[in-house]
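> here are the coordinates; sequence isn't available:
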């Protein structure tokens, strides 16, 4: 893992990140094409409206391959939102998720945010375990139909 870099997200990463999210979730959970459309919209908004002093995205790289992503975006003056946290299958189980989460939360703290929030699904059990291990609290959980699938939507928060 020592040779893995965490670099700032840039416009050239957009298409890879949309495809990675779309394909990973279609394969693992049967998500329909609306998920890729959502990710593309999030990234397009980020590229157009990013406030660099308050928001950032990162891509994990090993040699010439992208391995994952994580973003910290502003909700308000005291609250940041963790978004688009993804690790490729081959990057899992090596501590990279913890490293990326630490990086994102460290950025939020350094920018003066007092709390962070995120939205995910119950089926992302490894991510939920990582959040809980790091002090995040599950605030709500509800059944929904999203991306063509019945899911349990979750909202998590942490005080920084």
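The structure has been received and is ready for your questions. If you're wondering where the values come from, they're calculated on a predicted model, not measured in any experiment.
> all contacts plus neighbour counts: C-alpha atoms, from now on.
Fine.
> tell me where the protein has strands.
Listed in chain order, the strands of the chain (DSSP state E) span residues 4-8, 56-62, 65-76, 79-87, 115-121, 137-146, 149-159.
> so where's the protein uncertain?
Counting by pLDDT under 70, the chain contains low-confidence ranges at 1-2.
> how close does the residue nearest in space to the middle of the chain get to residue 7?
Most central in the chain under Cα atoms, centre = their mean is residue 85, positioned 2.0 Å from the mean C-alpha point. Relative to residue 7, residue 85 is positioned 14 Å away (Cα to Cα, to the nearest Å).
> thinking again about what came up before, so for residue 16, which of the strands of the chain sits nearest?
When the strands of the chain are compared by Cα to Cα, strand 65-76 sits nearest residue 16, at 8.5 Å.
> now what about that closest one, what contacts it?
With contact meaning Cα atoms under 8 Å, 6 or more residues apart in numbering, strand 65-76 is reached by 17, 54-61, 80-88, 90-91, 100-101, 104-105, 107-108.
> separate out the buried members of those residues.
17, 54-61, 80-87, 91, 100-101, 104-105, 107-108 (16 or more other Cα atoms under 10 Å).
> ok, back up a step: just say which of the strands of the chain is most tucked in.
Neighbour counts averaged per stretch over those are highest for strand 79-87, at a mean of 22; criterion: mean count of other Cα atoms under 10 Å.
> output the contacting helices and strands for it.
Where contact means 3 or more Cα pairs under 8 Å, 6 or more residues apart in numbering; DSSP states H and E, strand 79-87 is packed against strand 65-76, helix 96-110, strand 115-121.
> could the ones you listed go into TSV alongside distance to residue 143?
Formatted as TSV, the helices and strands packed on strand 79-87 follow (distance: least, Cα to Cα, whole Å):
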stretch	distance to residue 143
strand 65-76	24
helix 96-110	26
strand 115-121	10
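> report how many residues lie close to residue 132.
By other Cα atoms under 10 Å, the residues close to residue 132 number 15.
> please name the bridge partners of the nearest residue to it once chain neighbours are set aside.
With Cα to Cα, 6 or more residues apart in numbering as the criterion, residue 132 has its nearest non-adjacent residue at 7.9 Å, and that residue is residue 138. The residues paired with residue 138 through beta bridges, assigned by DSSP bridges, are residue 156.
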